[in-house]
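In: Here's my sequence, what's the structure:
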Amino acid sequence: MEKDLGGRPERVPKEDEINTIAYWVGENLSLPNAARHAGVDPSTLNRWMEQGREDNRDELITPYKKLFLLVSKNQAEKITKLLNRIETCPKNFGALCWILEKCFKEEFSSDAEEFKYLVEKYLKLQDAYESLTKRQSLQGVAKNGGKVDSSSN
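Out: Residues are numbered from 1 along each chain as shown. Just a heads-up that it's a prediction; the model follows:
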């Protein structure tokens, strides 16, 4: 028989709290800020997410698991969108990496493997871009008989 330790009974996430938190996570907010939007203390959300992770592993059906799965899904979708934006528009690399690092610390903190890979990929893209623009510039000079075309400036 379990011993009653007293204190306040554990609060279970309500449907509207689950939906609000999941929505704001999908809109680039960190978990603590998404929790605040739902009127939930960030430490409570951390407990709920940990319980949801355990319930998911144990294959239980609980509000904690629902919260965990919905937030995880929205985080994955948002990360995918941000990474796609980095690939298609490397000029925004710094801002997009900042969002990833602040909102998804586990995967994108400065010491995380995914973040290191992303920075390495960006540097390669930047080198390729600079090489391409230099090559195009040299080709333009060659077409003009060695003269720099000042009309494009």
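
In: any weak-confidence spans in the protein?
Out: Low-confidence segments of the chain (pLDDT under 70): 1-8, 89-90, 106-107, 109-119, 122, 140-153.

In: repeat that with 90
Out: 1-11, 26-31, 33, 75-153 (pLDDT under 90).

In: which residues of it fall in helices?
Out: 15-26, 31-37, 42-57, 63-88, 93-103, 105-108, 113-143 (DSSP state H).

In: Quick one: closest of those to residue 9.
Out: helix 42-57 (13.1 Å; C-beta to C-beta). C-beta: built from backbone N, CA, C; applies to glycine.

In: quick one, the closest one and helix 63-88 angle?
Out: On the basis of axes from the mean of the first three to the mean of the last three C-alpha atoms, to 10 degrees, helix 42-57 is oriented at 100 degrees to helix 63-88.

In: List the buried residues in stretch 15-35.
Out: 17-18, 20-26, 28-31, 33-35 (16 or more other C-beta atoms under 10 Å).

In: cool, stretch 78-85 as well?
Out: 78, 79, 82, 83.

In: now these as a markdown table including distance to residue 134?
Out: Formatted as a markdown table, the buried residues of stretch 78-85 follow (distance: C-beta to C-beta, whole Å):
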| residue | distance to residue 134 |
| --- | --- |
| 78 | 35 |
| 79 | 33 |
| 82 | 29 |
| 83 | 27 |
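
In: export the helices of the chain to CSV and tack on distance to residue 9?
Out: Output for the helices of the chain, formatted as CSV (distance: least, C-beta to C-beta, whole Å):
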stretch, distance to residue 9
helix 15-26, 17
helix 31-37, 20
helix 42-57, 13
helix 63-88, 14
helix 93-103, 32
helix 105-108, 30
helix 113-143, 39
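
In: Closest to residue 130 out of the buried residues of stretch 78-85?
Out: Of the buried residues of stretch 78-85, the one sitting nearest to residue 130 (C-beta to C-beta) turns out to be residue 83, at 22.0 Å.
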